[in-house]
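Enquirer: Kindly generate the corresponding structure for this input.
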Amino acid sequence: MAKVAREMVEKAGVDVDVLLDLLIKNASAELTTFYYYTSLRVNLIGMEGEGIKEIAEAARIEDRNHFEALIPRIYELGGKIPNDLKEFHDISACPPAKLPESTNDAREILKVLVEAERCAVRGYTEICNLTAGKDHRTYDLALSILHEEVEHESWFSEFLGEGPSGHFMRRGETSPHVRKFLHESN
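Expert: Now for the predicted structure:
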């Protein structure tokens, strides 16, 4: 644990235990969303589904990256994730993004995808509000994830016909905002 990191965040007026709870629950949401999006993506079939599949895959991979980026900060602040995967799943900040009963209905799958992203946007906004001006590292991380979650929501909401967002699908690039927090080997 980086003791000075926790000490400085506490001195800035952040309740680190509350922050850790939010970070752990959002890390759980990212990992479980990565899992559930696998099933959702596989079931995006037919003319409607195939057009959405690539975007669902980009969001799925970025959610995994969000999980990977959150873990070091959780441990730096003295937290840890549960040792049991089912327990970790069950504390998720967002409800499971499970496949709807109508598994071949791309519109119903899109509704699940957009609601998962909206939950994520709310979660990272809460972390940003808690850490703004107080915990620069966590704020930067949460804001970077928030940027990507807003883009995911925009992609899916446009497919649902909720209006234009001004966002475009990124080609060949994943996690442009979160990349700086990842420790990828080449």
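Enquirer: Check which helices and strands the longest helix along the chain sits against.
Expert: Determined from DSSP state H, the single longest helix within the chain is helix 46-76. If you count contacts as 3 or more Cβ pairs under 8 Å, 6 or more residues apart in numbering; DSSP states H and E, helix 46-76 packs onto helix 16-42, helix 106-131, helix 136-159. To be clear about C-beta, it is placed using only N, CA and C from the backbone, and glycine gets the same treatment.
Enquirer: List the buried residues for the longest one?
Expert: Read that as helix 16-42. 16, 19-20, 22-37, 40-41 (16 or more other Cβ atoms under 10 Å).
Enquirer: quick revisit: got CSV for the helices and strands packed on helix 46-76, with mean pLDDT and distance to residue 79 too?
Expert: Formatted as CSV, these follow (pLDDT from 0 to 100; distance: least, Cβ to Cβ, whole Å):
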stretch, mean pLDDT, distance to residue 79
helix 16-42, 97, 4
helix 106-131, 97, 13
helix 136-159, 95, 11
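Enquirer: In JSON lines: these, plus distance to residue 171.
Expert: As requested, these are arranged in JSON lines below (distance: least, Cβ to Cβ, whole Å):
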{"stretch": "helix 16-42", "distance to residue 171": "18"}
{"stretch": "helix 106-131", "distance to residue 171": "20"}
{"stretch": "helix 136-159", "distance to residue 171": "13"}
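Enquirer: out of the ones you listed, which comes closest to residue 74?
Expert: Of all those, helix 16-42 sits nearest to residue 74, with 5.1 Å by Cβ to Cβ.
Enquirer: tell me which strands and helices that closest one is in contact with?
Expert: Taking 3+ Cβ pairs under 8 Å, 6+ apart as the contact cut, helix 16-42 packs with helix 3-11, helix 46-76, helix 85-90, helix 106-131.
Enquirer: could I get stretch 139-149 in PDB with only the CA atoms?
Expert: The C-alpha trace of stretch 139-149 is given here as PDB (Å, rounded to 0.1, in the frame of the first residue of the first chain):
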ATOM      1  CA  TYR A 139     -10.100  11.900 -10.000                       C
ATOM      2  CA  ASP A 140      -7.900  11.600 -13.200                       C
ATOM      3  CA  LEU A 141      -8.600   7.900 -13.400                       C
ATOM      4  CA  ALA A 142     -12.300   8.200 -12.800                       C
ATOM      5  CA  LEU A 143     -12.600  11.100 -15.300                       C
ATOM      6  CA  SER A 144     -10.700   9.100 -17.900                       C
ATOM      7  CA  ILE A 145     -13.100   6.100 -17.500                       C
ATOM      8  CA  LEU A 146     -16.100   8.500 -17.400                       C
ATOM      9  CA  HIS A 147     -15.000   9.900 -20.900                       C
ATOM     10  CA  GLU A 148     -15.100   6.400 -22.300                       C
ATOM     11  CA  GLU A 149     -18.300   5.400 -20.600                       C
END
